[in-house]
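Undergrad: here you go, sequence then predicted model.
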Amino acid sequence: MTRRWPGFWVSERAAPPLLLLGLTGAMAAGVMLGPYPLSPIEVAGTLAGRPPDPQAAIVLWNIRLPRVVAAALIGAALAAAGVAYQTIFRNPLVAPDILGVSQGAGFGAVLGILLGLPVLAIQMMGFVFGVATIGLVMGIALALRGMGQVLVVVLCGMAVAALAGAGISLVKLLADPDDQLPAITFWLMGSLAGIKQADVAAALPAILAGLVPLIALRWRIGLLSLGDDEARTLGVEAGRLRLLVILAATLLTAAAVSVAGVIGWIGLMVPHMARLVTGPRFDRLLPVALAMGAGLTVLVDAAARSIAVQEVPLGILTAVLGGPLFLWLLARGVRSWAE
Amino acid sequence: MTHVRLTAWVAGGLSAVLMALPAAAETRTITDATGRQVEVPADPERVFAAGPPAATLLYTLKPQAMVGWVRAPEDEDRPFLRPDSRDLPALGRLTGKGDTLNLEVLLTARPDLIVDYGTVNATYRDLAERVQAQTGTPYALIDGSFPTIPATLRDLGGLLAEPERGEVLAAYAEATFAEIDAILAAVPEDQRPTVYLARGPEGIETAARGSINAEIIERAGGRNVVEAGPDGLAIVSPEQVQAWAPEVIVTIDADFAANVGAMPEWQGIPAVREGRVHLAPSAPFGFIDSPPSVNRLIGLKWLAQKLYPAQAKGDLRAEVAGFYTLFYGVTPDDAALAGLLGE
C-alpha cells in the first residue's frame, strides 16, 4: 500500500511490536523515576518480591506503580477520545473537551472542594458533572433538531462549556482563599500526585466502558470520516453511531479529568502524532494513539514528579511540550486530515 | 485699655478657634510600613480591615471599632468570638488579586480608617494609594512578618488609640517568644525534629521554609523538610514525603488527620508510624496560618508542646484558655477546650 502523507515510514507489520516496545520502555522508565531514591536494581528486586527495605515496597506498590498505571490509562483515554472526536467531526482541531466535558467535570470537582467533600466524592462529582454536561449539550441539540448537524452540536457544547466556566469562576470567588482556593487552582492545573490504588480501580470501569465500543466499532467509526451520506451507502447509520462515539469519548474524558484534573493537549496532540505513523484511517489510528497517549503521559508524569522538589502540574508540562510540538507538526505540512 | 482688651479678646477668640479646629477633625500624621505619610484620625472609631490577617489583628486590639469581617465567621468559630463582633457583616476583601469588596459597599460602612496587615511591596502600596485617593479614607499598611508581632501590636495599638491594650498584648507576645527561645537554646539546630506541613484532604499540599504559611514551624523549633519552594503553597508527591521521612507531621485538615493512618501511601513515614501527626486547631482562627496573624502566637505554644513534649512546660489547656481570654475576649469552658484541642 502506498501512503501519501509525509509521515514516518513504518510498515504495518513492524508497527505493533515497535509500539509495544515503546510503551513498555516508557512504563519501565516511569517505574524507575521518582524523588524517592531507588536504584533500578532495587526497583527490580522490589517488583520481584525482595525489597531492600520495607519502605521501598510501600513507595513502589502504594505510590509509584498506581501512578504509572493511572498515567497510562488516562493518557490512553484522552488520546482515544481525541482520535474519536477528530474522526467523527472530521476536524483536526477538535480536542476531547470540545463539547465541554472538561469544564463540566471541572465545575463538579471544584464544587466538591468548596463543599469540603472527601476526595472520592470530589472525583465522583467531577465524573457525574462531566457526563451530565454532555447530556445537556445533546439534549439541547436534540431540542433544536440539530443532532444531525455537527456544527449545532459543537455550538451547543461551547455555550454549555461557557456556563460551566462561569460556575468555576463563581466557586473560586466563594472559596476560602487560604484553604480551598489553592486546592481548586492546583486541581484545575491537573496532577497525578495524589493517585492511589483505589483511584485506579475507580476510574478503570468507566475507561473500559469507553474504550471497548471504540475498539469494537473502529471500522464503522472510520467510515464516518467519509461523510454521512457515504457512510449510509456503506450501511452505517451515521447519527446513531456518532451519538455512541460521543458517549464513549465522554466517558473516557470525564473519567480522566475526574481523577487527574484538567490535562490539556494530550487529546489534541497525540492523534496528530499517531497520524504521522499510520495515516488517517481510524481503525489503524486508534491502537497507535492509545499506545502513544499512554507512553507519553507516563513520561510526562515522571518528569512532573522528578524535575523539582514540588510537583509541576501536568497541565503546565503538557502545554509547554504540546504547543511547540503541535506547531512543528503543522510546519511539516501534515495533510493527512485533508484526505 | 480698650485696645488691649480688644486685642486679648481677639487673641483669645482666635486661639479658641484654633483649638476647636483640630477637635472637629482631630488627625495626626503617621508613617506606615511602606513609608507613606498617612493622615489618620486621632481616635479611629470605625475601622475596616482589608484582609483576614488585618481583621484578626484589629479584633484583638479594638473589636468595638470593627465595621465588618472580610468573611463571615463559620458556625464553629462563633462561640470563640465576642457576641458583639460575631454578627458583624461580611464585607469582602480588598487585598491581593480578586478583590471581592465593592468600594461603594466600603463607603456605605463609613470607615474612618482602613488597615491592612501582611506583605509589604509595591503592589500593595499602590493599591493602598489608589483606594485612599478614590475613597478619601486613610489607608495604613502594617508589616505582617512574624518576628515583628510585638512591635506591630504596640504600633497599631497606638494608631487605634488603644496604647495600653497594645502594650499588654505586645508583652504577651514577647513573653511567648522568650519562652520558646529558652527551650530552643538547649537544642542544637541538627537535633531539632523534622516537620512536614500537610494541607488538603490528601495531605500533599504544603509550604516551604520561609513561606508565610509555614514560618511558624522554624520559629517553634522544627526543621521544615521542604527546604526551598515558592512563597505560597506547593503540591508534592507522597513519594517525596517518603523520601523526606519527617518525624512530625502538622496538618490543618481534619480529614487528613483522621485518615492518614489508613492511607497506604503514607505508611512507614516516621511521623505516621509513631503517631506524631498533629491536627492544628482552627477556631476562631487557625493555629498555623489562615490567617497569618497574631493568632499564631498560641499556635507557637501549641506547636512547641508538640515538638518538645519533654521540655515545654505549662498546661496547654490553661495556656489556650488564657490566650483566648486575653486576645479574643472569650473564655472557653472545659468542653470547648477539649473540642478545640481534639482531646
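TA: Perfect, I can see it now.
Undergrad: that's a strand at A:Leu211, yeah?
TA: No. Using DSSP: H, G, I helix; E, B strand; the rest coil, the secondary structure at A:Leu211 is helix, not a strand.
Undergrad: surely it is in contact with A:Leu78?
TA: No. With contact defined as CB atoms under 8 Å, A:Leu211 does not reach A:Leu78; the gap is 11.6 Å. (C-beta placed from N, C-alpha, C; glycine too.)
Undergrad: find residues that contact each of the two.
TA: Common neighbours of A:Leu211 and A:Leu78 (criterion: CB atoms under 8 Å, 6 or more residues apart in numbering or on different chains): A:Leu252.
Undergrad: mind checking the SS state of B:Ala161?
TA: B:Ala161 ends up coil, using three-state DSSP.
Undergrad: and the spatially closest residue to it that is not a sequence neighbour, what are its phi and psi?
TA: Distances taken as CB to CB, 6 or more residues apart in numbering or on different chains place B:Asp43 nearest to B:Ala161, at 4.1 Å, with adjacent residues excluded. Main-chain dihedrals, B:Asp43, degrees, to the nearest 10: phi -130, psi 80.
Undergrad: between A:Leu211 and A:Leu78, who's got more neighbours?
TA: Shown here are A:Leu211 and A:Leu78; by other CB atoms under 10 Å in any protein chain shown, A:Leu78 has more neighbours (36 against 20).
Undergrad: can you tell me the element the more buried one falls in?
TA: Element membership of A:Leu78, judged by DSSP states H and E, is helix A:65-88.
Undergrad: quick check: angle from whichever helix or strand comes after that helix to helix A:65-88?
TA: With elements assigned by DSSP H and E, the helix or strand that comes after helix A:65-88 is helix A:101-114. On the basis of axes from the mean of the first three to the mean of the last three CA atoms, to 10 degrees, helix A:101-114 is oriented at 140 degrees to helix A:65-88.
Undergrad: with only the CA atoms kept, save helix A:101-114 in CSV.
TA: Presented in CSV, the C-alpha positions along helix A:101-114 are these (Å, rounded to 0.1, in the frame of the first residue of the first chain):
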residue,chain,number,x,y,z
VAL,A,101,-16.6,17.7,29.3
SER,A,102,-13.5,19.2,31.0
GLN,A,103,-15.3,22.4,32.1
GLY,A,104,-18.3,20.4,33.3
ALA,A,105,-16.2,17.9,35.2
GLY,A,106,-14.0,20.8,36.5
PHE,A,107,-17.1,22.6,37.8
GLY,A,108,-18.3,19.4,39.6
ALA,A,109,-15.0,18.8,41.2
VAL,A,110,-14.4,22.4,42.4
LEU,A,111,-17.9,22.4,43.7
GLY,A,112,-17.0,19.2,45.7
ILE,A,113,-13.8,21.0,47.0
LEU,A,114,-16.0,24.0,48.0
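Undergrad: that helix - contacts with which helices or strands?
TA: Packing partners of helix A:101-114 (3 or more CB pairs under 8 Å, 6 or more residues apart in numbering or on different chains; DSSP states H and E): helix A:119-143, helix A:150-174, helix A:180-189, helix A:238-260.
Undergrad: can the third one be said to contact chain B?
TA: Yes. Applying CB under 8 Å from any CB of the partner chain, one finds that helix A:180-189 is in contact with chain B at A:182-183, A:186.
Undergrad: quick one: average confidence on stretch A:216-232?
TA: For stretch A:216-232, mean pLDDT is 85.
Undergrad: chain center to it, what's the gap?
TA: 23 Å (CA atoms, centre = their mean, to the nearest Å).
Undergrad: SS state for B:Phe48?
TA: Of the three states, B:Phe48 takes strand under three-state DSSP.
Undergrad: tally of neighbours for it?
TA: Residues lying near B:Phe48 (other CB under 10 Å) number 28.
Undergrad: picking up where we left off before, pipe the helices and strands packed on helix A:101-114 into JSON lines and attach mean neighbour count per row.
TA: JSON lines is the format used below for the helices and strands packed on helix A:101-114 (neighbours: other CB atoms under 10 Å in any protein chain shown):
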{"stretch": "helix A:119-143", "mean neighbour count": "20"}
{"stretch": "helix A:150-174", "mean neighbour count": "17"}
{"stretch": "helix A:180-189", "mean neighbour count": "20"}
{"stretch": "helix A:238-260", "mean neighbour count": "25"}
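Undergrad: closest one to B:Glu174 among the ones you listed?
TA: Nearest to B:Glu174, of all the helices and strands packed on helix A:101-114, is helix A:180-189, at 32.5 Å by CB to CB.
Undergrad: what lies in contact with the closest one?
TA: A:106, A:109-110, A:113-114, A:116, A:168, A:171-172, A:175, A:261-262, A:313-316, B:199-200, B:205, B:232-233, B:235.
Undergrad: hmm, which of these are the buried ones?
TA: For the contacts of helix A:180-189, a neighbour count by 16 or more other CB atoms under 10 Å in any protein chain shown gives the buried set as A:106, A:109-110, A:113-114, A:168, A:171-172, A:175, A:261-262, A:313-315, B:199-200, B:205, B:233, B:235.
Undergrad: what residues does the stretch 1-150 of chain A put near chain B?
TA: Residues of the stretch 1-150 of chain A lying near chain B (CB under 8 Å from any CB): A:34-37, A:54-55, A:58-59, A:62-64, A:67, A:118-119.
Undergrad: and those residues as JSON lines, adding pLDDT and secondary structure?
TA: Compiled in JSON lines, those are given as follows (pLDDT from 0 to 100; DSSP: H, G, I helix; E, B strand; the rest coil):
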{"residue": "A:Gly34", "pLDDT": "90", "secondary structure": "coil"}
{"residue": "A:Pro35", "pLDDT": "90", "secondary structure": "coil"}
{"residue": "A:Tyr36", "pLDDT": "90", "secondary structure": "coil"}
{"residue": "A:Pro37", "pLDDT": "84", "secondary structure": "coil"}
{"residue": "A:Pro54", "pLDDT": "85", "secondary structure": "helix"}
{"residue": "A:Gln55", "pLDDT": "88", "secondary structure": "helix"}
{"residue": "A:Ile58", "pLDDT": "90", "secondary structure": "helix"}
{"residue": "A:Val59", "pLDDT": "91", "secondary structure": "helix"}
{"residue": "A:Asn62", "pLDDT": "91", "secondary structure": "helix"}
{"residue": "A:Ile63", "pLDDT": "91", "secondary structure": "helix"}
{"residue": "A:Arg64", "pLDDT": "93", "secondary structure": "helix"}
{"residue": "A:Arg67", "pLDDT": "94", "secondary structure": "helix"}
{"residue": "A:Pro118", "pLDDT": "83", "secondary structure": "coil"}
{"residue": "A:Val119", "pLDDT": "83", "secondary structure": "helix"}
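Undergrad: from these, which is closest to B:Glu74?
TA: Nearest member of the residues of the stretch 1-150 of chain A next to chain B to B:Glu74, counting by CB to CB, is A:Pro118, at 19.0 Å.
Undergrad: B:Tyr124 versus the closest one, what's the distance?
TA: Per CB to CB, to the nearest Å, A:Pro118 is found 37 Å from B:Tyr124.
Undergrad: that's all I had, so thanks and see you.
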